[in-house]
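S.K.: could you look at this predicted model? Sequence included:
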Amino acid sequence: MSKVISAHAVSVDGYITGRAPRPGHGLGDGGMLFDWYFDGTVPSTAFDGFKLSEASAPLFDQLAARVGALVAGRRTYEDSERFGGGSPVPNARVVVLSRSAVPTLSAAQTPATTIESAIAAARDLAGGRDVGLMGGGVLTSALRAGLVDEIVLHQVPVLLGTGRPFFQELPEHVRLNLIEAVAAPGVTHLRYEVQR
């Protein structure tokens, strides 16, 4: 059976964005969380334009190849300019989780109103591959529902101090087992299994 996984670049203090950018200054403080996508010499086999380090490239591309469908929250979907009508991961369908109708969905995107229905729809679309979760709200909802199998943190060695936190408040502790740690230039890849 396919797994439900979440993978995201985060600061050491757990933020996925930093301070808001000043006009004309790109992603603001949070932009540095993605420098490792482009600072290497190995072209990604999954993403055009990405040049990763020798340590990051195989892990990153294998992770992308595992994903057959994504569940994205409405805020992530809108902040990402609706993924240009497609998907941020090649050959993966997108399920958009929203309490209200999403009028801008393309044929490659599916709506859902609960985390359970979103993950079920994504499993159907994934063709036996894994379901990826995008956004802290979606991850938190899936953790609350006991539906997450793995969490991958691409931890960048910076303390942002403010911004949008990846993890939101949970009703109880979630125990994790570290199953892989890969140190790479500008990032440490930490793969955890969620204990049940």
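M.R.: Good, I have the coordinates.

S.K.: what's the helix or strand of the chain with the lowest mean pLDDT packed up against?
M.R.: Within the chain, no helix or strand scores below helix 74-79, which has a mean of 79 by mean pLDDT, DSSP states H and E. With contacts defined as 3 or more Cβ pairs under 8 Å, 6 or more residues apart in numbering; DSSP states H and E, helix 74-79 has these neighbours: strand 93-97, helix 136-144. In this view, the C-beta of every residue, glycine as well, is placed from N, C-alpha and C.

S.K.: how about Phe60, nearest residue that isn't a chain neighbour?
M.R.: Nearest residue to Phe60, sequence neighbours excluded (Cβ to Cβ, 6 or more residues apart in numbering): Leu52, at 5.7 Å.

S.K.: number of nearby residues for Thr114?
M.R.: 12 (other Cβ atoms under 10 Å).

S.K.: can you pull the pLDDT of it?
M.R.: For Thr114, the model assigns a pLDDT of 93.

S.K.: partner residues bridging the closest residue to it other than its chain neighbours?
M.R.: Once flanking residues are discounted, Thr114 sits nearest to Leu97: 7.7 Å by Cβ to Cβ, 6+ apart. Going by DSSP bridges, Leu97 is paired in beta bridges with Gly73, Ala112.

S.K.: from what I can see Leu97 touches Thr76, true?
M.R.: No - applying Cβ atoms under 8 Å, one finds Leu97 not in contact with Thr76, separated by 9.1 Å.

S.K.: can you list residues touching both of the two?
M.R.: Common contact partners of Leu97 and Thr76 (Cβ atoms under 8 Å, 6 or more residues apart in numbering): Val138.

S.K.: quick one on the thing from earlier: out of the helices and strands packed on helix 74-79, which is the most enclosed?
M.R.: Comparing the helices and strands packed on helix 74-79 by mean neighbour count (mean count of other Cβ atoms under 10 Å), strand 93-97 ranks first with a mean of 25.
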